[in-house]
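Visitor: Generate coordinates for the sequence data below:
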Amino acid sequence: MKRRVIKLGTATLVASLPSKWIKEFGIKQGDYLDVEEANSNLILSLDKEKVSKRIEIDITNLEYRVIYKYIFAAYKKGYDEIKIIFKSSETTDEGGKKVKTISLIQEFVQNLMGVEIIDQKEDYVLVKDFSKGIDLDYNQLIKRVFSLIIEMGEDTLKNIKSFDKKALESIRYRKNNVTKFLNYCIRFINKNAQNPNNTFYAVVAEELEEISDVYSWVPLELSMNKAKLTDVSIKFYSKVNESLSALFDIYCIFNKENLNKANRLRNEAFEIINKSMAKVPKQDAILFCRMTAVLTLIPDIYHQLIAVNIKQ
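Guide: Below is the predicted model of the structure:
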């Protein structure tokens, strides 16, 4: 955007601030801005401790999943106050059942780290950020996410072997914690936008979300099987788990050895599929297809980590 410079008084030149930016950050007459010179650029910024980004979103007439996406998008973009407006006191849940709109919003907000509902009326809910007391950064969160997904895989493998259907079904509920951490990761990135590696970090978080989806679907599907998986499928699932653990090693210690190890394990998993796909029962073939998605995402993630770690 461009701003015309005008003369004020005998020697002062001024330019206006964008109205959208003023409104978003609550700039008022008399407030101070930091002005930093960077060659031909001037960088204007607010005191980070005083900045409070606010947004209003209207969820009227939106369906369950779209409401979820709206609220989570505002959260992940880093807004400190989110006013959620609705004109109907009732909406429908994912199963089509009538529910109180406020109850649905409360359910969604409970799954967001660092924010709480501070006010609610008949037609809106106000959510505010209280995350200053949360001593977590992106690195800690992503490591925790990796650990949670790896644990899901290890426990699924154990219960596949014992064919414990109840234990398999229960594993899917761990996905909620993974989603909570990953949403906070994206929020953390957007609230700390000065990091040049943020684009790569965001991709890592989004693709770990996809991997966690697979690791929650698979045990649920396996719990509904009437027969055990074959040994070759168990071997394949174990190899995918090893590939994911190797990816975690890359994140923790970036070096050529760990990169080669992750790539080798991934190729070994694909070799199992290539030799066995035509021979295995339908339920095993479905598992192959599901876990192939994980194998596809693994190099996408380590490509991002390579980009982050490349040095001049």
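Visitor: Give me the contacts around the helix or strand harbouring M152.
Guide: In this structure, M152 sits in helix 138-162 according to DSSP states H and E. Residues outside helix 138-162 that contact it (CB atoms under 8 Å, 6 or more residues apart in numbering) are 167-168, 171, 174-175, 177-178, 181-182, 184-185, 188-189, 201, 204-205, 208, 211-212, 215-216, 218-219, 222, 228-229, 234, 237-238, 240-241, 244-245, 247-248, 251-252. C-beta coordinates here come from the backbone N, C-alpha and C atoms, glycine included.
Visitor: how does the chain divide into domains?
Guide: Domain ranges of the chain: 6-45, 54-133, 138-309, per automatic domain parsing.
Visitor: weakest of the ones you listed by average pLDDT?
Guide: Lowest mean pLDDT within the domains of the chain: domain 6-45, at a mean of 77.
Visitor: starting at the chain centroid, how far to that domain?
Guide: 34 Å (CA atoms, centre = their mean, to the nearest Å).
Visitor: Quick check: buried residues in it?
Guide: Buried residues in domain 6-45, counted by 16 or more other CB atoms under 10 Å: 25, 27.
Visitor: distance between the ends of it?
Guide: Start and end residues of domain 6-45 are separated by 21 Å (CA to CA, to the nearest Å).
Visitor: same check, this time on stretch 55-71
Guide: Termini of stretch 55-71 sit 11 Å apart (CA to CA).
Visitor: Who are the contact partners of the nearest residue to N225 once chain neighbours are set aside?
Guide: What sits nearest to N225 in space, not counting adjacent residues and going by CB to CB, 6 or more residues apart in numbering, is Q283, at 5.2 Å. Residues near Q283 by CB under 8 Å, 6+ apart: 222, 225, 227, 229.
Visitor: quick one, helices of the chain?
Guide: 19-25, 64-76, 101-109, 138-162, 165-171, 175-191, 198-223, 231-252, 256-276, 282-309 (DSSP state H).
Visitor: Any chance of those helices in CSV with distance to Q120 as columns?
Guide: Below are the helices of the chain laid out as CSV (distance: least, CB to CB, whole Å):
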stretch, distance to Q120
helix 19-25, 23
helix 64-76, 14
helix 101-109, 6
helix 138-162, 29
helix 165-171, 33
helix 175-191, 21
helix 198-223, 29
helix 231-252, 40
helix 256-276, 47
helix 282-309, 39
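Visitor: Give me the buried entries from the contacts of helix 138-162.
Guide: Using 16+ other CB under 10 Å as the burial test, those include 167-168, 171, 174-175, 178, 181-182, 184-185, 188-189, 201, 204-205, 208, 211-212, 215-216, 218-219, 222, 229, 234, 237-238, 240-241, 244-245, 247-248, 251 as buried.
Visitor: Deepest in the core, which of the domains of the chain is it.
Guide: domain 138-309 (a mean of 17; mean count of other CB atoms under 10 Å).
Visitor: phi, psi of the nearest residue to N190 once chain neighbours are set aside?
Guide: Using CB to CB, 6+ apart and skipping the chain neighbours, the partner closest in space to N190 is G78 (3.8 Å). With angles defined as degrees, to the nearest 10, G78 sits at phi 100, psi 20.
Visitor: who are the neighbours in contact with G78?
Guide: 53, 187, 190-191.
Visitor: ok, now E221?
Guide: The neighbourhood of E221, defined by CB under 8 Å, 6+ apart, consists of 286-287, 290.
Visitor: State the distance from it to A202.
Guide: Here the distance between E221 and A202 works out to 29 Å (CB to CB, to the nearest Å).
Visitor: And L295, by the same measure?
Guide: As judged by CB to CB, L295 and A202 stand 22 Å apart.
Visitor: shouldn't L136 be in contact with Y184?
Guide: Yes: between L136 and Y184 there is a contact under CB atoms under 8 Å: 7.4 Å.
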